[in-house]
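**Student:** could you look at this predicted model? Sequence included:
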Amino acid sequence: MYDFLLIIHFLGLALGVGTSFAMLTLGIATRNLAGEERLKFFRTASALSKNGSVGLALLILSGLGFLLVKGPGSVFAWGGGLFHAKLTLVLILAGLFGYSQVLQKRVRQGNTALMATLPKLGRVMLLVSICIVICAVLAFH
């Protein structure tokens with residue numbers, strides 16, 4: 001069961017962090033597009049955010065699965081302070097992700113002024129994701 005959860009966890013990581021890298025690359029690639037054309041492109045490209053949603057859900061569900069399989073005491077003791085930092089960053093990431101979903105909905109409804117906030121938020125989310133991976137590797141090394 002542990003190996004299955006680990007596979008699901010890594011797939012979630014690939015989907016979640018991969019989506020952030022993809023959106024960063026798309027943002028750089030479309031930097032020179034005109035405002036309306038760029039907006040139209042990112043309305044279509046926002047379908048990628050579904051991968052991020054699925055990835056985050058897989059990470060959280062498999063993480064909870066680890067708690068059930070290993071027992072809360074052993075998992076929390078094993079990771080130490082870095083594990084707690086990782087959990088805190090996951091909560092922050094979940095909050096940022098929820099905020100990005102609200103912004104995307106408002107942009108789709110016509111509030112294009114918020115479009116400029118999404119790339120900045122995406123970069124922050126990518127940085128938090130990378131910090132989560134670093135904490136996880138160091139915690140379970």
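**Tutor:** Nice, I can see it. Note that this is a predicted model, so its numbers are computed, not measured.

**Student:** use CA for all of it now, contacts and neighbours both
**Tutor:** Noted.

**Student:** now residue 99: which helix or strand?
**Tutor:** According to DSSP states H and E, residue 99 maps onto helix 72-108.

**Student:** can you name the next helix or strand after that helix?
**Tutor:** Past helix 72-108, the next helix or strand by DSSP H and E is helix 117-139.

**Student:** between that following helix and helix 72-108, how many degrees?
**Tutor:** Interaxial angle, helix 117-139 versus helix 72-108 (axes from the mean of the first three to the mean of the last three CA atoms, to 10 degrees): 170 degrees.

**Student:** if you average pLDDT over helix 117-139, what comes out?
**Tutor:** The average pLDDT within helix 117-139 is 90.

**Student:** for the helix or strand bottoming out on mean pLDDT in the chain, buried residues please.
**Tutor:** None of the helices or strands of the chain scores lower by mean pLDDT, DSSP states H and E than helix 35-45, at a mean of 79. For helix 35-45, the buried set under the neighbour-count rule, 16 or more other CA atoms under 10 Å, comprises 38-39, 42.

**Student:** which of the helices or strands spans the most centrally placed residue in the chain?
**Tutor:** Residue closest to the average C-alpha location in the chain (CA atoms, centre = their mean): residue 16, at 4.6 Å. Secondary structure from DSSP H and E places residue 16 in helix 2-29.

**Student:** just give me how far that helix sits from the chain centre.
**Tutor:** Distance, stretch centre to chain centre, for helix 2-29: 8 Å (CA atoms, centre = their mean, to the nearest Å).

**Student:** same question, stretch 30-50
**Tutor:** 19 Å.

**Student:** so what's residue 10 closest to, chain neighbours aside?
**Tutor:** Distances taken as CA to CA, 6 or more residues apart in numbering place residue 59 nearest to residue 10, at 7.8 Å, with adjacent residues excluded.

**Student:** pLDDT of the helix or strand hosting that neighbour, averaged?
**Tutor:** For residue 59, the host element (DSSP H and E) is helix 49-70. Here helix 49-70 scores 89 as its mean pLDDT.

**Student:** what angle separates that helix from helix 2-29?
**Tutor:** Using the same axes, to 10 degrees: helix 49-70 against helix 2-29 is 160 degrees.

**Student:** who's in contact with helix 49-70?
**Tutor:** 1-2, 5-6, 8-20, 75, 94 (CA atoms under 8 Å, 6 or more residues apart in numbering).
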